[in-house]
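> I need the structure of the sequence given here:
(chains A and B)
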Number of protein chains: 2
Amino acid sequence: MKEKILAYLKGKHDYMSGDDISSRLGISRQGLWKHIQELKDTGYDIVAVPHLGYRLESSPDRLSGLEVSHGLDTKFIARKVHYFDYLSSTMDFAMQLGMRCEPAGSIVVAESQTKGRGRLGRSWVSPKYKGIYFSLILRPRIPPSASPVLTLLTAVSICEAIKRASGLEARIKWPNDIFISGKKAAGILTEMNAETDKVNFVVIGIGLNVNNDRKSLVPHATSLKEQLGHAMPRLVVFQELLRVLEENYFLFEEGGPGPVIEKWRNSNITIGNRVKVHFQDSHIEGQALDIDNDGSLLIRKDSGLVQKIFSGDVSHLR
Amino acid sequence: MKEKILAYLKGKHDYMSGDDISSRLGISRQGLWKHIQELKDTGYDIVAVPHLGYRLESSPDRLSGLEVSHGLDTKFIARKVHYFDYLSSTMDFAMQLGMRCEPAGSIVVAESQTKGRGRLGRSWVSPKYKGIYFSLILRPRIPPSASPVLTLLTAVSICEAIKRASGLEARIKWPNDIFISGKKAAGILTEMNAETDKVNFVVIGIGLNVNNDRKSLVPHATSLKEQLGHAMPRLVVFQELLRVLEENYFLFEEGGPGPVIEKWRNSNITIGNRVKVHFQDSHIEGQALDIDNDGSLLIRKDSGLVQKIFSGDVSHLR
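Numbers count the residues shown, from 1 in each chain, chains lettered A, B, ... in the order given. So this is what the prediction gives:
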């Protein structure tokens, strides 16, 4: 009901009489008043004037289901939003949901994370109300070996969403670090639950620095705010990202990995560079030639040998 | 403490005085008596004779931690046993444990399952006290693409354990169905939780028909009892299987997939046969040539083309 009241108030820019709202939504004046109070408690600035009614002055900068769903018009992504003020990790929560028949497209959003996770056991700093931290549940009909393409798809989507929402040019460092002006603005973590030959579900986690200030960022990280010189409404970026993710997911479902890989090629800063790839206890150096349709990186070593890399940390060399 | 008392009683074949047991294990006579009662309640036939003490006459046919651990002497497999009279599915429980830092080697055992799961969403019939139904948690340092080898390793281990415990010759139909005299006696389901390039953990589920009677088996299934003509202590088969699994796992850790694949070749009934492989909505037919080091099946179609199959259901043709 709160969703309905809010959608109603958001649709109008003038005062709405309580009687009108009550009768349209089939709720008592008493019930309406109670819901309005609860909305005000969560940060909605709703003015009530006798004889005129209610008016929504402003909405809080929150990534709640109420806010995210309004005007989103996606087919399946974020049709269900699990929203938390804080979580230890949106990944852990989403993996649990995945095991309980949660529908594809559901997202888990947290305003802050106490144990935000990154690739290979690293952490993701998640200060409250500054960034966008969420996990998306997908149920693609693919074998586990095809899952890296979903990470590339996500990287491409983040770049496109940043461009559309802010005009900033983001670029991808293989496989999935998002850079703006040479500094990292977003990270992606993809986990799956799978049989050996069939994915049961995939959870894609995204951490995107939006309004983080310089002092809360490590030296090699950046945020949209730092790049733009002013803060951005996180909701605008978030909704754009959800829309683009869905567009690219449909593209992948219909056309396979090809179109996604092609977009990735156009947004990356790794191919053509001399790179050093670090593994657990070794590294190789060479020229990054291209990526394969399975998402692996092809590197030509100085010996001339071309090696296919599925995993590792890349540094770009001069 | 119950483990200790039981281990103590199992080690002796004569009456043990309560005073002796109490002082050796540092427990009061009252406490000892209480534990003995509890053991009796769970099926242990312990006789108490005044002035002589306690004697274990027989243990119940249960796959509890108390029974499984006794004399097992494995390094890491089944060092921790989660035992249940029934569970919906040992897989679901083990996948949950895996997400909570459960150590590698832990097993989840159920005397019956209400929703025992098989490959590709199929069910596994799990009548109480008849078969062995368990899931094993492993944490191998491998990429997801290497996980099929663990399934082959498990298939090999089941054949070896059946042979050692009963003398019966079990054979593998690709990838992981265990057949005795042309009928299915065991099944394997492997699930994993993984990043795109790194397995977090793997859960291997095994269902093995031991003392199932003909009337509880579908026509193409069999049990060790049916093949032998008499029942077998499930514990003997189970402990043998746990030992063999550990042996083969160490073999894999040290020598990679090669030795496991070689054992698989020696135990399979698919290679050399004319087969039909069924997929979701199609099938191919041809000669099964070999398996690759990644566990895939190589099939030569009548056109001469050799195709690599990662997944599917195989029927053997005449």
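
> helix or strand for the residue most central in space within chain A, which one?
Taking C-alpha atoms, centre = their mean, the centroid of chain A lies closest to A:I206, which sits 4.5 Å from it. Using DSSP states H and E, A:I206 falls within strand A:198-209.

> any idea how far that strand is from the chain center?
On the basis of C-alpha atoms, centre = their mean, to the nearest Å, strand A:198-209 is displaced by 9 Å from the centre of the chain it belongs to.

> in its sheet, what does it sit against?
Strand A:198-209 has the following sheet partners, assigned by DSSP bridges: strand A:131-138 (antiparallel), strand A:183-195 (antiparallel).

> now render these as TSV, adding mean pLDDT, mean neighbour count and distance to A:R62.
C-beta: built from backbone N, CA, C; applies to glycine. Shown next, in TSV, are the strands paired with strand A:198-209 (pLDDT from 0 to 100; neighbours: other C-beta atoms under 10 Å in any protein chain shown; distance: least, C-beta to C-beta, whole Å):
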stretch	mean pLDDT	mean neighbour count	distance to A:R62
strand A:131-138	97	26	12
strand A:183-195	95	24	20
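
> one step back: ok, the residue nearest to the centre of chain A touching A:F134?
Yes: with contact defined as C-beta atoms under 8 Å, A:I206 reaches A:F134; the gap is 6.0 Å.

> quickly list what the residue nearest to the centre of chain A is bridged to.
Applying DSSP bridges to A:I206 gives these bridge partners: A:F134, A:I188.

> tell me the contacts of it?
When contacts are counted by C-beta atoms under 8 Å, 6 or more residues apart in numbering or on different chains, A:I206 touches A:132-136, A:154, A:158, A:186-188, A:241.

> show me what the residue nearest to A:N200 when sequence neighbours are not counted bridges to in the sheet.
Computed as C-beta to C-beta, 6 or more residues apart in numbering or on different chains, the closest residue to A:N200 that is not its neighbour in sequence is A:N193, at 4.6 Å. Beta-bridge partners for A:N193, by DSSP bridges, are A:F201, B:N193.

> which residues of the stretch 51-200 of chain A lie near chain B?
Contacts of the stretch 51-200 of chain A with chain B, taken as C-beta under 8 Å from any C-beta of the partner chain, map to A:92, A:95-96, A:99, A:119-120, A:143-145, A:147-148, A:150-151, A:189-198, A:200.

> restricted to buried residues, select those in ChimeraX.
A single ChimeraX command selects the buried members of those (16 or more other C-beta atoms under 10 Å in any protein chain shown):
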select /A:92,95,119,143,144,145,147,148,150,151,189,190,191,192,193,194,195,196,197,198,200
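
> what's the longest helix in chain A?
Ordering each helix of chain A by length in residues (DSSP state H) puts helix A:234-255 first.

> avg pLDDT for that helix?
Averaged across helix A:234-255, pLDDT comes to 97.

> show me where chain A has helices.
Using DSSP H, helices in chain A cover A:2-11, A:18-25, A:29-41, A:65-69, A:90-98, A:148-166, A:224-228, A:234-255, A:257-267.

> which other helices and strands does the fourth one contact?
Packing contacts for helix A:65-69, counted by 3 or more C-beta pairs under 8 Å, 6 or more residues apart in numbering or on different chains; DSSP states H and E, involve helix A:2-11, strand A:81-84, helix A:234-255.

> make a markdown table out of the ones you listed and add mean neighbour count and distance to A:P60.
Converted to a markdown table, the helices and strands packed on helix A:65-69 look like this (neighbours: other C-beta atoms under 10 Å in any protein chain shown; distance: least, C-beta to C-beta, whole Å):
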| stretch | mean neighbour count | distance to A:P60 |
| --- | --- | --- |
| helix A:2-11 | 17 | 11 |
| strand A:81-84 | 18 | 12 |
| helix A:234-255 | 19 | 10 |
